[in-house]
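> Structure for this input, please:
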Amino acid sequence: MTAAENVCYTLINVPNDSEPPSEISLKTDLEKGEIKSKTEALKKVIIMILNGEKLPGLLMTIIRFVLPLQDHTIKKLLLVFWEIVPKTTTDGKLLQEMILVCDAYRKDLQHPNEFIRGSTLRFLCKLKESELLEPLMPAIRACLEHRHSYVRRNAVLAIYTIYRNFENLIPDAPELIHDFLVNEKDASCKRNAFMMLIHADQDRALDYLSTCIDQVHTFGDILQLVIVELIYKVCHANPSERARFIRCIYNLLQSSSPAVKYEAAGTLVTLSSAPTAVKAAAQCYIDLIIKESDNNVKLIVLDRLIELKEHPTHERVLQDLVMDILRVLATPDLEVKKKTLQLALDLVSSRNVEELVIVLKKEVIKTNNVTEHEDTDKYRQLLVRTLHSCSVRFPDMAANVIPVLMEFLSDTNEAAAADVLEFVREAIQRFESLRPLIIEKMLEVFHAIKTVKIYRGALWILGEYCSTKDDIQSVMTEVRRSLGEIPIVENEIKRESGEVKAEEEVSAAPAQKLVTEMGTYVTQSALSSSRPSKKEEDRSVPPLRGFLMDGDFYVAASLATTLTKLALRYVIIVQDKKKQNSFIAESMLIMVTVLHLGKSSLPKKPITDDDVERISLCLKVLSECSPLMNDIFNKECRKSLSHMLTVRLEEEKLSQKKESEKRNVAVQADDPISFMQLTAKNEMTSKDDQFQLSLLAAMGNTQRKEAADPLASKLNKVTQLTGFSDPVYAEAYVHVNQYDIVLDVLVVNQTSDTLQNCTLELATLGDLKLVEKPSPLTLAPHDFANIKANVKVASTENGIIFGNIVYDVSGAASDRNCVVLSDIHIDIMDYIQPASCTDAEFRQMWAEFEWENKVTVNTNITDLNEYLQHILGSTNMKCLTPEKALSGFCGFMAANLYARSIFGEDALANVSIEKPIHLGPDAPVTGHIRIRAKSQGMALSLGDKINLSQKKTSV
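Below you'll find the model as predicted:
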């Protein structure tokens, strides 16, 4: 069996291995069989009728021998049978036998069992023959007074559908239901009755609501939801009614049901844009987020809050609620916290920034006290970035934030510490008044820094911004403290031999002397087991020396640069020649001892040539102390940083400006002004009905705006499945929703025969799964029909749907006929959306993702920028490399691209392309694109897409 058949849970077809039952055998079972055999026979009859068989001879048999039975299963099956059986003759007149059926159902409507009454009433909702319904009307009316609520609520539904389809049968239905509603006590019955009045007679519904508007808060939640819908629809159609019902919506915000509160808040915002209404709705949303335990609910309601913020007039109201929004941070889910912090950051203003920073500082401190978890680290990182953004936008806050954040430089989580370091670097450059405070805090935490990357950054900041004699001396002291006793090599050798002497008093093999690369002697004991444990050793070794012993000499190059900057600055500040020489000599001694260590065999890895060259350069600069070198080390470096920060700030301002331009509704000077009170009713239909839109979204029928280009219309997504000369022609429209694909297949019978059991059989390849097996059809000669099939999508990779159409020719003795269909290829681009991330996140993901696909550039495009734009357009990816970095022409280009699938999968790409100038101006672009993703399917599918769309098609 295929995967498609595994998920099929309803059997429609008769099994092929058994003969279809004959009409005579079915008749015998229905007449003379036991209850069980009659049940089975009735099921077979239903299946055969669904497959297109008529079976007129069995109608009277079922009426005589099955209809009078009181068995509940049979009664349930009979309801299905009477729903599908043909009830009219060929000329459209009702069959005489149906009068007997009608009488049987009249008796069922008076049956003492409430289940039989209720299910019969539900069945009557499906009947479309007024002649059958007319004799039953008194019994249906009587059911409104039945003692059981199940019967009463189904009676209301039956009356509603009959009134909608055949108003003449019960013209007084609205009045009848209104009276029923006034006296009814059961919530579900009242809900059905009120729903009917909304659709059948809205004025009566409003009259009823007016009489009990003060008691609405005491109603059940299902009735309250219907009341919210009525108020929305009435006020949507007739804005003058708003004042009458807005108080009721305010009361429903206090409902005990979360669903009612959510709908009431959404309705209130659409009915009124007054600040009090917006504030009440926003407060209601915030309470829902805090009280609801389901993270999906929290995210949905957060999205509604974010939508509120998008409206320029609502933003100011929400700014007053920032502190309430921050209460959501108590939620454990990281995604909710991320959205909340982003929303708070968007709403921050000079009025509330101080309170926001206090809360965020408390949250940061809280993350220190909880047990370490992956999400804790990520959350701390989010908090650091939010505080960073607040400080950049509101410089006054930086002084409060920096001392708290500086504590995290000694954090074991490198990502959070790196964010703090980046923030400190920007703050110390921008805010000169804070430099003494930052340097003081940096010197305090310097010795506690645990990761080499953070240590390097801290060294750079101290070397760049320490400008007083005391600060420079403090840095030197901290460096000496972090490095331990120097010269390092001699000290390490003594330490090794000293530990052996101190700890080993047992007899050991004689020590042997070894010569290192530097020509020094090393004494090595044969008893190596005497070395202390790793943890003890880590505690005793100073941090910088630990990094160097591990072979990380890049930090040594950074240390050399820092000492050079400090020494050159010290020479300018201090006039005493003796002190100058002493400081320079100390700096040079540290560099030389590090070089010595790097060349020895003591570290785990030897020093690299680049680091040797850098340290040697710094030694040369200090030995000469020329003014030119002083300018380069102490001025040009800072200029580069200042330039980089300025460019970044400009980019942020530009993106914010674009965002605000999008949100601001531009109104032209000569645009007509629309006054709500003077607008005609038929002009009010321009606004979308939110309830209708949400219903369509739930059914997966969301109307997407079609592109203006006619080539991008629905016809573009129609796939031909069979040839025009095949007996059955088929074509499919592929409609891609978020998590599933709907295939709308048109099947045309091109023969002069009736095709029975015409079945669309589908199977899938890739991460696709067929939800249900399509039902078989009977096609008349030259007839056509539409078959819909749902395919569930689980991940982003190219999938293929294939299959065939099988059918029987009516009256032919041959085997089943089969038409094989063309494959339907599902395009990955329907699931990929452009997204953005920071450079650090991109690099981290690039290192983590294990699947790489390298695509060689093979195109006819001759311009680098044009090729990049073409790739961005065809892959739905976003270019992370700034526009300024890509501008100009230098013969080559490198850019990072990023996208995210709707399933949360990340896709990274690095474009490295060049223009081979030596081949002339018309030479095409060459190079390669490297794609990385977590899953193999994503990487391969994206590579295939790039390969297919590399070449530009000539129009």
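> Neighbours of T313, how many?
As a burial measure, T313 scores 10 neighbours (other Cβ atoms under 10 Å). Backbone N, C-alpha and C define where each C-beta goes, glycine included.
> And the one helix or strand it maps to, what does it pack against?
Counting by DSSP states H and E, the element that carries T313 is helix 312-319. Helices and strands touching helix 312-319, by 3 or more Cβ pairs under 8 Å, 6 or more residues apart in numbering; DSSP states H and E, are helix 275-291, helix 295-310, helix 334-347.
> what inclination does the second one have with respect to helix 312-319?
Which is helix 295-310. Counting by axes from the mean of the first three to the mean of the last three Cα atoms, to 10 degrees, helix 295-310 lies at 120 degrees to helix 312-319.
> Could you do the longest one as well?
For helix 275-291 and helix 312-319, the angle between their directions (the same axes, to 10 degrees) works out to 50 degrees.
> next one: helix 275-291 to chain centre, how far?
24 Å (Cα atoms, centre = their mean, to the nearest Å).
> per-residue confidence averaged over it?
On average, the pLDDT along helix 275-291 is 86.
> Show me the shaky parts of the stretch 501-650 of the chain.
501-540, 630-631, 634, 638 (pLDDT under 70).
> For it, which segments count as strands?
For the stretch 501-650 of the chain, the strands defined by DSSP state E, counting those that start in this stretch occupy 512-515, 521-524.
> Now do the strands in the stretch 801-950 of the chain.
Assigned by DSSP E, counting those that start in this stretch, the stretch 801-950 of the chain shows strands spanning 817-820, 824-826, 832-834, 851-856, 878-879, 892-901, 906-914, 926-933.
> Now render those strands as TSV, adding mean pLDDT.
Shown next, in TSV, are the strands of the stretch 801-950 of the chain (pLDDT from 0 to 100):
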stretch	mean pLDDT
strand 817-820	89
strand 824-826	81
strand 832-834	83
strand 851-856	89
strand 878-879	88
strand 892-901	88
strand 906-914	90
strand 926-933	90
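> Put together CSV for those strands, with mean neighbour count and distance to V151 on each row.
Compiled in CSV, the strands of the stretch 801-950 of the chain are given as follows (neighbours: other Cβ atoms under 10 Å; distance: least, Cβ to Cβ, whole Å):
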stretch, mean neighbour count, distance to V151
strand 817-820, 14, 50
strand 824-826, 19, 48
strand 832-834, 16, 51
strand 851-856, 15, 61
strand 878-879, 18, 59
strand 892-901, 20, 50
strand 906-914, 21, 56
strand 926-933, 20, 58
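> Out of these, flag the one nearest V424.
strand 892-901 (26.0 Å; Cβ to Cβ).
> and the closest one, what does it pack onto?
Against strand 892-901 (3+ Cβ pairs under 8 Å, 6+ apart) you get strand 832-834, helix 839-848, helix 864-875, strand 878-879, strand 906-914.
> Just checking the distance from the helix or strand harbouring L760 to the centre of its chain.
According to DSSP H and E, L760 maps onto strand 755-765. The chain centroid and the centroid of strand 755-765 are separated by 35 Å under Cα atoms, centre = their mean.
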